[in-house]
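Enquirer: pasting the sequence and the predicted model now:
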Amino acid sequence: MTEIPHFKFPFKLTAAGDRAQIVEQDSDDEVMDCIEILLSTVQGERIEIPDYGIRDQVFRQKGVDTGHVLQQIRRFEERADVVLEPGKIEDLVQHLSVNYRGGVSG
């Protein structure tokens, strides 16, 4: 039994479909869910916390601004101990798929 339950992200129902999936507060799963939410939020989307999230990285010329991303994780998710080893960010980006009218390009 979960002592302090939090909804799992993304929100899903259990296999039986009668309850929401939950994770324990402060568990690895819950912290990772919080980081995923932070990284999928563009700054300014949450009007009540305008600095929450990361700057839009879509058209950035020199790749992901890892310094900014790490700063935001450290600022908004203090439970995470983030260490970035040199050259490892490239390992995280393995494949890019672009959907377009004709299908998928990879």
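Expert: Alright, I've got the coordinates. Residues are numbered from 1 along each chain as shown.
Enquirer: does the spatially most central residue of the chain count as helix, strand or coil?
Expert: When Cα atoms, centre = their mean is applied to the chain, the residue found nearest the centroid is residue 36 (1.6 Å). Three-state assignment for residue 36 (DSSP: H, G, I helix; E, B strand; the rest coil): helix.
Enquirer: who's in contact with it?
Expert: By Cβ atoms under 8 Å, 6 or more residues apart in numbering, the contact set of residue 36 is residue 9. Backbone N, C-alpha and C define where each C-beta goes, glycine included.
Enquirer: pLDDT score for it?
Expert: pLDDT recorded at residue 36 is 90.
Enquirer: so who does residue 33 touch?
Expert: Counting by Cβ under 8 Å, 6+ apart, residue 33 touches 6, 8, 9, 23.
Enquirer: tell me which element it falls in.
Expert: helix 28-39 (DSSP states H and E).
Enquirer: distance check, residue 65 against residue 38.
Expert: Distance of residue 65 to residue 38, computed by Cβ to Cβ, to the nearest Å: 14 Å.
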